[in-house]
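1. any chance you can model this:
(chains A, B and C)
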Amino acid sequence: MALLYFIYKNRSVPYSVVQRKALFKAENRRDSEMLKEDNRKVMLEKTIKEHQYQASSLLEILHKTQELYGYINKDLLSFVAESLKLPPSHVYGVAAFYNYFRLKQPGEHVVTTCLGTACYVKGAEEIISAVEKEFKVQRGNTTADGRLSVFITRCIGACAMAPSIVVDDEVIGKATKEIIIERIKLLLEGKKP
Amino acid sequence: MTTKTVSLKIDEHEITAQEGKSILETAIENGIDIPHLCFLAGLTKTGACRLCIVELKGQAKLFASCSTPISDGMEVITNSEKLKAYRKNTIQLLLSERTHVCSVCVANKNCELQALADKLGVEHVAFEREWTSENVDSSHPFLVIDRNRCILCTRCVRVCDEIEGVHALDLKLRGKDSQIIVDFDDSWDKAASCTSCRKCAKVCPVGAIYVEGEPLSETKDTGIADFVLSRRKK
Amino acid sequence: MKPADIIHLAETELDAQRSYKHRINVCCSSGCIPFGALKVLKAFEDAVKEFGVQKECKVARTGCIGTCSVGPAVMIEPGNYLYQSVTPEKAREIVRDHVVLGLPVKDMLYGSKAYFEKQHRLVMKNAGKIDPYRIEDYIAAGGYSALVKCLIKMSPKDVIDEVWLSGLRGRGGAGFKIGQKWTFVARAHRSPKYIVANLDEGDPGVFANRTLAEADPHAILEGMLIAAYATEANKGYIYIRAEYPLAVDTLKKAIDKAKAMNLIGQNILETSFSFDIELRLGAGAFVAGEETAILASVEGNRANPRPRPPYPAASGLWKSPTLIDNVETLANIPQIISHGGLWFSKIGSPTCSGTKCFSLTGKVNNPGLIEVPMGITLKEVIYDIGGGVPDNKKFKAVLVGGPSGGCLPDTMLDLPIDYESLTKAGAIMGSGGIVVIDEDSCMVDTAKFFIDFCVEESCGKCTPCRVGLHKIQETYARIIGGVGKPEDIQFLRSSCGYIQEASLCGLGQTAPNPVLTTMRYFGNEYNEHILQKKCAAGKCSFKHNVKEAEI
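-> Model prediction:
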C-alpha cells in the first residue's frame, strides 16, 4: 500500500471530489468556438427537449447534431452526454459504432462513392481508385489542404443507376471516372457545375 | 417467493434445479464443467465469447449455455466432439487476434484464457497471429490498460456499469477494431467519471487491465460482482 | 374522425379523381430525382397550364413505377402509357400530343412489355399510382378500410386467425410464420408492448423497402396499426436507415397526416384502441437489421445483438414483449384483412404464399424494382422481366439475398424463388436483392467483396464472427494476391462451418454463404487462382505485397 500511495501522490492527478469536479469542468465543458450561444445550439437544445431528454433518443440527437454542425466533435459529444445525463463513454461508444456519424471535420467538398454490390459489379472500385490517385487522398480521409474528403458507403439504394456517386449531396448515377473527376475539379475551382 | 423447480439432463447427470437459472449456472452448481470466458456470476449475460456453447437435443442450433434458461425435460450435451473442436477453434482465434505472449504477460499463470487453452488441449495456434501494437495506457495512478491483451469480453464494461454504477468504460468502433475506452476515449488520468475502484482489474480474465506493481493473484477477485450484487439492498 | 368518415372521404376523393380525364403520374422516388424528376414534374404542371387543360388533366407526384434504369419515368392514365427518360422539353411535347391531341408519343414509350407481364403487384399496388404525400389518395385507393374493418367487425383474435390463414411469412429473410409470431406477442400478457417495423435495409444492392416507404408509406402504417390491434401493442417504432432521406421525409409526413386525422394516437377513430408510432433513424450499421440488434439501436445503444432465448416476443424493447416485422410484411397485412387470408394463401406457391419485392440490379438489361409471385423461377426473373444480360455478355451467376446470400450458377436458374428452395441451394431470401453477374466478374473476387463487407459490418461482439471472418478475409487476400495454398480451400470450408454454427446472430451465421456457394458452384475458379495464379475474368492482379509473400 505504501508503494501505491507513493505513486498516487506523485502523479499529480486530482482525485478528491472537489478536484474531480474542477477537472470535469476543465476537460469536458469547455465553451469552445462551436458551442457558443449561436442558433445551432438553440436548435439542438430544442430537439433534445422535444425528445424529453430520453436516453433512448441518443441516436436522434446525434443525427441532429451532425446535421447542424456537419460533424460531432468531443465538445458536442460532451454537451449531448451532459444534456441526456448519459455516461461519456456510452455516448462516445455509440457515436463511434455507427458509420454515419463523423467524429472528424470533413473537407470543404465531400465525395462519397457507393460500394454496394450493384455499384461494385459495375465498376465503382475503379472510379474511387482513380479519384484517390488524381487527388492524392485515401478513402476515408481528407486532402492535406482540407478541401476534399473521399468517403465510401455501402449502398445508397440507387442501385438501378449503378455506379452511383454522391458529390456534395448530389447523386450522380451511371458515373464514370471521367465525369466524377471533371466534376470534382470544377468544384475545387469554385465553379458551379 | 415460490420458485418452480425443473428437471433436466446435462450430459449423463439428472438434475433438478430452480427455474430461471441458466444452463451454465445450473452446471456450475452441480459441479459440471462447461468452459466459459465472458460469463461472470453477477453480471449481465452477453453470450459473446461462444466458449460455453452446448447442444440441445432436438434443436439444430447451438446455444450459449450462459444465457439460455433451463426448462423442463431439457437434454443438454456439453462435450460432443464438435463442441470440443469449436471451443479449441475459438481459443485459437482469441490467441491470434491480438498480442498474447504468456511469458511476458502480467497474467501469466493467472490467466483464464491461458488456463482454458491448457485445459482444452490447445497446443499451438493454427491461425496467423496479428501482433497488434496499441499504446499501453498507464496514465492512471495505479491502473494500467494494455489493449493488446484485451479479448473484448466486456467484463470490465459490465462491472463498471452494473456493480460500481459508473459506466466509465465502454467500447468504441466495431468488429475487430473494437477497443475498450475510458470516457471520451481519453487517457485514463483525464477520465473524470472513473472512481478508481479497481473492479475492472479484479474481473479481467486476462492481463489487459491490472494494478501497477501488484501481483495479479492479489488483484483478481472474480467473485466481486456476485458478492456485491447479492448483498445489495433491493 | 369516425370510421364512417373514412369511407365518406374515400368517396369524395374518388369523385374528384373521376372528374379528370387524364392523370399524369411522375415518379419522384430517389431513383428518378437524380435524373431530374422534380424538374419534369414542374414542366408537366407548367405545360398543363400552358395548354389550358388543368381541369381535365391531373399531374401527380408519385412513388416508384419500377423502371428505375430509365428514369424519370412517367405514367399516363388511362391506358397505363409509360414514358421513359422524360426531360422537361419532352414533357411539354407529351402534354401537347398525348393529353391535348390524344396521340401517345410512341418513340418515348417504355419498350419491354414483359417487364410488367410476369409481375404481380400486391404490396406495390399503389406505387406509382398515388401521391405518397396525400393521405386522401391512399384512402381513395381503399386505404385504411382494413383498419376500419378490424376496429368495427373483428376481434384481435379474428385478425390473427386471418393472418394465420393467409400463410404469410416474414419478408425480412428468415421466413418465420407471421401468424405464429403475432400469437406469441398477443399471448404475452404484459404491458407495455411494442412493435418495431424494420426498415433498416442495409444489404448493398437492395432498395425494395425504401421504394415501398417512398411510394406508399400509409400501407406500412396501416399494417402496423392492424398488428398493434391484433397483439394489443401500445407503441410502435419504424427503424429506418438515415441514408434514405426521401423515405424518412415521406414517412414523417405520413405519420403527421395520420395523427392529424386521428388514425394514430389516442382513441383511434373514436374507439378504445390507442397506438402511437415514432420514427427512429439508423446510422449506418448493417447489423442493426438483425432482430435483436435493432432493439439495442432503438433503445439508443450500440447495435449489438443479444443471445436468444429470451426471444423478443417475451423480452424485447426495454424487456417488454416486442413484435419485430419487416415493413414489407406489414404492408401485406391491410390486403389480407380486406380480401381475406384464404384469398392471399392462393397467391404464390403452396409453401410460400404471396409475393416478394426484389431489386433487380447488376448486369441486366432492365434493372429496377419488381414484385413477383413466390415460386417464380430465377430464369423468368432474369430473362423475361430483366431482359437478360446486356452487351452479348455471358451470364455467370446470380446473387440472391444480399451479402449473406449465395451465388448461384446458370444450372440453378430453374430454381423457384421460395424460402426452402433458396436455403437448400445455399442462398437465402434475405431482404430481396437479385444481382446479376456476367463473365466480367471473378467469383473469388466477388466472394471476397462480401467477406470484406461482413468483416466491416461485424459488430465485434462474438469471437467467431469478429475474428473468424477476419481470418477468412486474410485467406482471400492471399489467394487473390497469388500466394494461395491448396489447403486454403479446406481451411475456408471448415472455418465457414464453424462460423455458421458458433456465431451469436444472423450476420455471422449467414456471412459464410457467399464463400460456400462460390466454392460449391465455381470451385474451378478457386483452383485456377491457387494453382495457376490465373484469373479468367482478369480482375485479380496477383500482386502480393512483401508481407504476404513471406508466408
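
2. rest of the way, CA atoms for contacts and neighbours
-> Noted.

3. residues from the stretch 301-450 of chain C in reach of chain A?
-> Residues of the stretch 301-450 of chain C lying near chain A by CA under 8 Å from any CA of the partner chain: C:301-303, C:360-363, C:367-368, C:402, C:435, C:437, C:441.

4. outline the domain layout of the chain.
-> Let's take chain A. What automatic domain parsing lists as the domains of chain A is A:16-97, A:109-188.

5. hmm, I had chain B in mind actually
-> Recorded structural domains for chain B (assignment: automatic domain parsing) are B:5-79, B:85-230.

6. right, and these - which one's nearest chain C?
-> Distance to chain C, taken as CA to the nearest CA, is lowest for domain B:85-230 among the domains of chain B, at 3.5 Å.

7. in chain A, which residue sits nearest chain B?
-> For chain A, CA to the nearest CA, closest residue to chain B: residue A:89, 4.0 Å.

8. hang on, the earlier thing: tell me the least confident of the residues of the stretch 301-450 of chain C next to chain A?
-> In terms of pLDDT, residue C:402 ranks lowest among those, with 79.

9. if you rank the residues of the stretch 301-450 of chain C next to chain A by neighbours, which is first?
-> Comparing these by number of neighbours (other CA atoms under 10 Å in any protein chain shown), residue C:361 comes first, having 34 neighbours.

10. distance of that residue from chain B?
-> Taking CA to the nearest CA, to the nearest Å as the measure, residue C:361 falls 29 Å from chain B.

11. tell me the secondary structure at that residue.
-> strand (DSSP: H, G, I helix; E, B strand; the rest coil).

12. could you measure from residue B:3 over to chain A?
-> 34 Å.

13. isn't that residue right next to residue B:18, touching?
-> Yes - if you go by CA atoms under 8 Å, residue B:3 and residue B:18 touch, sitting 6.5 Å apart.

14. higher neighbour count, these two?
-> Higher neighbour count among residue B:3 and residue B:18: residue B:18, with 15 against 9, using other CA under 10 Å.

15. so what's the more buried one closest to, chain neighbours aside?
-> residue B:5 (4.4 Å; CA to CA, 6 or more residues apart in numbering or on different chains).

16. and that neighbour, backbone torsions?
-> Backbone torsions of residue B:5, given as degrees, to the nearest 10, read phi -110, psi 150.

17. please name the nearest non-neighbouring residue to the residue of chain A closest to chain B.
-> Excluding the flanking residues, the one nearest residue A:89 by CA to CA, 6+ apart is residue B:183, at 4.0 Å.

18. ok now do that neighbour, which residues does it touch?
-> Going by CA atoms under 8 Å, 6 or more residues apart in numbering or on different chains, residue B:183 touches A:87, A:88, A:89, A:90, A:92, B:168, B:169, B:170, B:191, B:192, B:193.

19. try it again at 6 Å.
-> A:88, A:89, B:168, B:191 (CA atoms under 6 Å, 6 or more residues apart in numbering or on different chains).

20. among those residues, which one is most surrounded by other residues?
-> residue A:89 (29 neighbours).

21. which of the three states applies to that one?
-> Residue A:89 ends up helix, using three-state DSSP.

22. separation between it and chain C?
-> Using CA to the nearest CA, one gets 12 Å for the distance from residue A:89 to chain C.

23. how close does residue C:386 get to residue C:27?
-> 20 Å (CA to CA, to the nearest Å).

24. repeat that for residue C:119.
-> Distance, residue C:119 to residue C:27, by CA to CA: 19 Å.

25. quick one: which of the two has more around it?
-> Each of residue C:119 and residue C:27 has its neighbours counted (other CA under 10 Å); residue C:27 has more, 32 against 18.

26. and the residue nearest to residue A:89, how far from residue C:501?
-> 35 Å.

27. just to revisit the earlier point, what's the overlap in contacts for residue B:3 and residue B:18?
-> With contacts taken as CA under 6 Å, 6+ apart, residue B:3 and residue B:18 have no neighbour in common.

28. how about stretch B:160-168: buried residues?
-> Residues of stretch B:160-168 classed as buried by neighbour count (16 or more other CA atoms under 10 Å in any protein chain shown): B:160, B:161, B:162, B:163, B:164, B:166, B:167, B:168.

29. which two in these are spaced the farthest apart?
-> Using CA to CA, these reach their maximum pairwise distance at B:163 and B:168, which is 11.9 Å.

30. and the strand or helix carrying residue A:110, what does it pack onto?
-> Assigned by DSSP states H and E, residue A:110 belongs to strand A:109-114. In terms of contacts (3 or more CA pairs under 6 Å, 6 or more residues apart in numbering or on different chains; DSSP states H and E), strand A:109-114 is packed against strand A:148-153, strand A:165-167.

31. just put the ones you listed in CSV and tack on distance to chain C and mean neighbour count.
-> CSV is the format used below for those (distance: least, CA to the nearest CA, whole Å; neighbours: other CA atoms under 10 Å in any protein chain shown):
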stretch, distance to chain C, mean neighbour count
strand A:148-153, 9, 20
strand A:165-167, 10, 22
